[in-house]
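Trainee: Quick one, fold the following:
(one chain, ligands or ions: 1)
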Amino acid sequence: MGSLKGAAPPERAEAENRAAGTAANKAWRSHFPYHWDVDELVSRRELLQFAVFTSGTLFLGTALLAVLRLFRRKSVTAEQQIAPVAAVSPGEALYFHYPRPDDQAVLVRLEDGRFVAYNQTCTHLSCSVFYQEKQKRLFCPCHEGIFDVRTGEPVAGPPVRPLARIALRSDGEHLYATGVQP
Ligand code: FES
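Mentor: Numbering: from 1, shown residues only. Modelled structure (predicted):
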């Protein structure tokens, strides 16, 4: 059986450990001094107030954006003349702005004579899509997104949502945009 002779009693060992810890702590503090007296302490209450204020601001901002978007959608129904029907031959495209002057749109006359129109904003990361006559498709150069020109549905690349379609009307001579279908 081994002897315990010479082993430090538990209280002494603990006191030694504490002393060593305090010495290490002092050394650490001298290497990395921190001035608590000049520190501006943030109370739990202040932190909570800040969190509530930030969340409230974010909530209000989001609500405001939602309302603006609603207004925007409502104003997207104004009718606008695009071009004479004869101005676009089958297989060709024409670019225009609708419903606002800074909204880019593309009108395409399909091979069967029908017209389709879309907002040019790619549904992936909002680059502009354009019509590729040879391939008969709508193409986004940013990440090579491809949309079916007949439906606006994505067929290749990263986009997963269809392009916003623009409703059209013809009086036989002219084509009109009559609204945006989200
Ligand atoms: S923005 Fe159009 S594919 Fe990425």
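Trainee: Ignoring the adjacent residues along the chain, who's closest to the most centrally placed residue in the chain?
Mentor: Here the mean C-alpha position of the chain is nearest to the C-alpha of L125 (Cα atoms, centre = their mean), at a distance of 7.6 Å. Of all residues not flanking L125 in the chain, C142 sits nearest, at 6.4 Å (Cβ to Cβ, 6 or more residues apart in numbering). For glycine as for every other residue, the C-beta is placed from the backbone atoms N, C-alpha and C.
Trainee: Alpha carbons of the helix-or-strand element of the chain with minimal mean pLDDT, as PDB, please.
Mentor: Counting by mean pLDDT, DSSP states H and E, the chain has its least confident helix or strand at helix 10-31, which shows a mean of 80. The C-alpha trace of helix 10-31 is given here as PDB (Å, rounded to 0.1, in the frame of the first residue of the first chain):
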ATOM      1  CA  PRO A  10      -6.200  19.500   0.800                       C
ATOM      2  CA  GLU A  11      -6.600  23.000   2.400                       C
ATOM      3  CA  ARG A  12      -2.900  23.800   1.800                       C
ATOM      4  CA  ALA A  13      -3.000  22.600  -1.800                       C
ATOM      5  CA  GLU A  14      -6.100  24.700  -2.400                       C
ATOM      6  CA  ALA A  15      -4.400  27.800  -0.900                       C
ATOM      7  CA  GLU A  16      -1.400  27.200  -3.100                       C
ATOM      8  CA  ASN A  17      -3.500  26.900  -6.200                       C
ATOM      9  CA  ARG A  18      -5.400  30.100  -5.300                       C
ATOM     10  CA  ALA A  19      -2.100  31.900  -4.800                       C
ATOM     11  CA  ALA A  20      -0.800  30.600  -8.100                       C
ATOM     12  CA  GLY A  21      -4.000  31.600  -9.900                       C
ATOM     13  CA  THR A  22      -3.900  35.100  -8.400                       C
ATOM     14  CA  ALA A  23      -0.300  35.500  -9.500                       C
ATOM     15  CA  ALA A  24      -1.200  34.400 -13.000                       C
ATOM     16  CA  ASN A  25      -4.200  36.800 -13.000                       C
ATOM     17  CA  LYS A  26      -1.900  39.700 -11.900                       C
ATOM     18  CA  ALA A  27       0.500  38.900 -14.700                       C
ATOM     19  CA  TRP A  28      -2.300  38.700 -17.200                       C
ATOM     20  CA  ARG A  29      -3.800  42.000 -16.100                       C
ATOM     21  CA  SER A  30      -0.400  43.700 -16.400                       C
ATOM     22  CA  HIS A  31       0.000  42.400 -20.000                       C
END
